[in-house]
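Q: got a sequence here, can you model it:
(4 chains)
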Number of protein chains: 2
Amino acid sequence: MPEDGYNRLKLENQLCFPLYACAKEVIRKYKPYLDKLGLTYTQYIVMMVMWERKGLTVKELGTALYLDSGTLTPLLKKLEKKGYIARRRSKEDERNLIVSITPAGEELKEQAVQVPAAVGACVDMSQEEAGQLYRLLYKLLGKLT
Amino acid sequence: MPEDGYNRLKLENQLCFPLYACAKEVIRKYKPYLDKLGLTYTQYIVMMVMWERKGLTVKELGTALYLDSGTLTPLLKKLEKKGYIARRRSKEDERNLIVSITPAGEELKEQAVQVPAAVGACVDMSQEEAGQLYRLLYKLLGKLT
DNA sequence: GATATTTTGATTGTACACAATCTTTTAGAG
DNA sequence: CTCTAAAAGATTGTGTACAATCAAAATATC
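A: Next up, the predicted model:
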């Protein structure tokens, strides 16, 4: 009687589903705030990296965000068209495409700085639980990669 | 000096990012096993609902999975073409489209039953931590919706 | 130094995800 | 009964995600 196996197959008994659903719902919470900046969620996390690191290659960006060039190439072209980043080939190694932030991109940071607190306010989880969740997620992420 | 705000804007200080990255990486872990069944991850969670509930409307499916008709309609047509589900309008209320599982869909469950254990084995997180993560994710999901 | 291999992005094709809009059907107000 | 409003899916358009493939450039090997 493989009842145990069938029970494990239930949606409610799987860790993957709340993870998948939470990620989507959190991104949905960001949307109204990011709309004001004219960014999608993925564009927002790319800009977060740019605000920290100023200039880096597509490869490095992909490593930081767990994204590949198939996702990043068109997305970076959109951010370039918006005027927030610049794309140029490295002179030392022309295989590398260097992504750098523009003054307009730096300015955007002034508006974006309010986003985390605004989203945090409408989630309402205790500091302790949020910290615990944070640690467990990074632990899992480490096991996965 | 708004340094606090800037720190909160760092990728590493946001809960959303490990959530987003974990969800993607977990789905990636499922891929080799789901490929054998000929299902994508989203198709898999739809089938998980079908194995539990046999017949329900698109609306109910969307509520269970946090998905809308724009995602479900084409996906359900693909599952119908594969022969795992049937789609028909309700006689009581022709606005409702009833999704039901076929014998082939039921058979697929026999193979799918091994998937959770296989994925769980390559993640290697303690039973206790997994349980804690599970509870925190559902708690967050509750706050979000 | 010529050739094979590796690295880096770009491109192509498939599959979500969701906002906005449209159509059909039902339910409600008068 | 009639007209209006609401509900359920379907459709359309934009934006990821990612596997697979391609092309250019750099490195390694001989």
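Q: when you work out contacts or count neighbours from here on, use the C-alpha atoms and nothing else.
A: Will do.
Q: what does chain A have sitting close to DNA strand D?
A: Selection of chain A residues close to DNA strand D by C-alpha under 7 Å from any atom of the strand yields A:40-43, A:66-71, A:75, A:78, A:91-95.
Q: ChimeraX command to pick out the buried ones of these?
A: Buried subset of the residues of chain A next to DNA strand D, written as a ChimeraX selection, criterion 16 or more other C-alpha atoms under 10 Å in any protein chain shown:
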select /A:40,42,43,67,75
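Q: the residues of chain A next to DNA strand D in helices, which ones?
A: A:41-43, A:69-71, A:75, A:78 (DSSP state H).
Q: so which of the residues you listed reach DNA strand C?
A: Answer for those near DNA strand C (C-alpha under 7 Å from any atom of the strand): A:69-70.
Q: make JSON lines from the ones in helices among the residues of chain A next to DNA strand D and add distance to chain B and pLDDT to it.
A: Shown next, in JSON lines, are those (distance: C-alpha to the nearest C-alpha, whole Å; pLDDT from 0 to 100):
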{"residue": "A:41", "distance to chain B": "10", "pLDDT": "98"}
{"residue": "A:42", "distance to chain B": "10", "pLDDT": "98"}
{"residue": "A:43", "distance to chain B": "13", "pLDDT": "98"}
{"residue": "A:69", "distance to chain B": "16", "pLDDT": "97"}
{"residue": "A:70", "distance to chain B": "15", "pLDDT": "97"}
{"residue": "A:71", "distance to chain B": "13", "pLDDT": "98"}
{"residue": "A:75", "distance to chain B": "17", "pLDDT": "98"}
{"residue": "A:78", "distance to chain B": "21", "pLDDT": "97"}
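Q: what's the distance between the closest residue to residue A:7 other than its chain neighbours and residue B:116?
A: Counting by C-alpha to C-alpha, 6 or more residues apart in numbering or on different chains, residue A:7 lies nearest to residue A:13, which is 7.3 Å off, once chain neighbours are set aside. Using C-alpha to C-alpha, to the nearest Å, we find residue A:13 at a distance of 10 Å from residue B:116.
Q: for the nearest residue to residue A:103 once chain neighbours are set aside, the count of nearby residues, please.
A: With C-alpha to C-alpha, 6+ apart as the criterion, residue A:103 has its nearest non-adjacent residue at 7.4 Å, and that residue is residue A:84. By other C-alpha atoms under 10 Å in any protein chain shown, 20 other residues sit near residue A:84.
Q: next one: phi and psi at residue A:84?
A: Main-chain dihedrals, residue A:84, degrees, to the nearest 10: phi -90, psi -20.
Q: same question, residue A:21
A: phi -70, psi -40.
Q: so how far is residue A:82 from it?
A: Per C-alpha to C-alpha, residue A:21 is found 30 Å from residue A:82.
Q: again, but for residue A:24
A: For residue A:24, the distance to residue A:82 - C-alpha to C-alpha - is 25 Å.
Q: got it, and residue A:107?
A: Distance, residue A:107 to residue A:82, using C-alpha to C-alpha: 13 Å.
Q: helix, strand, or coil at the spatially most central residue of chain A?
A: Central residue of chain A (C-alpha atoms, centre = their mean): residue A:45, 3.9 Å from the mean position. What DSSP: H, G, I helix; E, B strand; the rest coil gives for residue A:45 is helix.
Q: is the residue nearest to residue A:7 in contact with residue B:48, as I believe?
A: No. Applying C-alpha atoms under 8 Å as the test, residue A:13 and residue B:48 come out as separate, 10.9 Å apart.
Q: more neighbours: which of those two?
A: Neighbour tally, residue A:13 and residue B:48, criterion other C-alpha under 10 Å: the higher count belongs to residue B:48, 18 against 13.
Q: phi, psi of that one?
A: phi -60, psi -40.
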